[in-house]
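> Got a sequence here, can you model it:
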Amino acid sequence: MNERSHESREAVAAFDPLHQAPAPKAPPSGGPESYRLAAALAQHAGRSADASRVADTMVSVWQDVEAALSPVLGRRGVAALYERSLFLAAATHPWLAGMHEGVRATIDFAALKTLLTKQTHAEAAAGSGSLLHAFRELLGSLIGPALAERLLRAVWLKLSSGTAAKDIST
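Model (predicted):
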C-alpha cells in the first residue's frame, strides 16, 4: 500500500471517528477530498443497507448547490457544470456515464436519485463524493477556488453538520 492511499484512509478515519457507515473501499477520484466527501455522505445517510438515504442526501445537496449558484451562473450554467462533473466522475464510477449525455437546462434530480438507489450504499457514497469533488474543482478552475468555496460554504457546512434533508420523497 502506498503512502498516499494510507493517508486517504486515515483522513476518512479522522473525519468519521464513529465509523457509523461503511467507508468506500478505494478512494474516489480526486484523492483525500473526495474520500472525505464520500465519508460525509455515508455518515450522514447512516447505516442503511441501501443507497436510498445517500440518494436523498445527494438530491438535497444538489438542490442547495443549484440554489446557491443559480443567481451567479444561471440554472443552465449550473446544469452545464454538473453535466461536465458527471463526465469526469464517470472515469472512476462508470455507472455515472449515462447521466451526462445530452444538454439539459436544469439538473435532473429524479434521474440522479434513481441512479444512486441502484448502487450499493458504499458505491453511491463514493460516486457521489467523486461527483461533488469534480464539481468543486471545475467551479474553482473557472471562478477561482476562493470564490467557489465562498459561494458553496453553506452547502458544505450543511452537509458536514448533517442537516441536509434525509428524505425528500414526500
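
> ok, then the element right after the longest helix belonging to the chain?
When the chain is parsed with DSSP state H, its longest helix is helix 52-89. Later in the chain than helix 52-89, the nearest helix or strand by DSSP states H and E is helix 109-117.

> That following helix packs against which elements?
helix 52-89, helix 121-143 (3 or more Cβ pairs under 8 Å, 6 or more residues apart in numbering; DSSP states H and E). The way it works is simple: take the backbone N, C-alpha and C, and place the C-beta from them, glycine included.

> Can I get it in CSV, CA atoms only?
What follows is helix 109-117 as a C-alpha-only set of coordinates in CSV (Å, rounded to 0.1, in the frame of the first residue of the first chain):
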residue,chain,number,x,y,z
PHE,A,109,-32.8,15.3,-9.6
ALA,A,110,-35.2,12.4,-10.2
ALA,A,111,-32.7,10.7,-12.6
LEU,A,112,-29.9,11.2,-10.1
LYS,A,113,-31.9,9.7,-7.2
THR,A,114,-32.9,6.7,-9.4
LEU,A,115,-29.4,6.0,-10.4
LEU,A,116,-28.0,6.3,-6.9
THR,A,117,-30.6,4.0,-5.4
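
> Mind listing what's buried along it?
Phe109, Leu112, Lys113, Leu115, Leu116 (16 or more other Cβ atoms under 10 Å).

> now swap in stretch 132-145 and tell me
Using 16+ other Cβ under 10 Å as the test for burial, stretch 132-145 gives Leu132, His133, Ala134, Phe135, Arg136, Glu137, Leu138, Leu139.

> just curious, which of the buried residues of helix 109-117 is nearest to Ala67?
Using Cβ to Cβ, Phe109 is the member of these that sits closest to Ala67, with 12.2 Å.

> what sits against the closest one?
Val59, Trp62, Gln63 (Cβ atoms under 8 Å, 6 or more residues apart in numbering).

> could you redo the last one with a cut-off of 10 Å?
Neighbouring residues of Phe109 by Cβ atoms under 10 Å, 6 or more residues apart in numbering: Ala55, Met58, Val59, Ser60, Trp62, Gln63, Glu66, Ile168.

> Which members of these are classed as buried?
Judged by 16+ other Cβ under 10 Å, buried ones among the contacts of Phe109: Ala55, Met58, Val59, Ser60, Trp62, Gln63, Glu66.

> sorry, back to before: please identify which two of the contacts of Phe109 are farthest apart in space.
The largest separation in these, counting by Cβ to Cβ, is between Ala55 and Glu66 at 16.4 Å.
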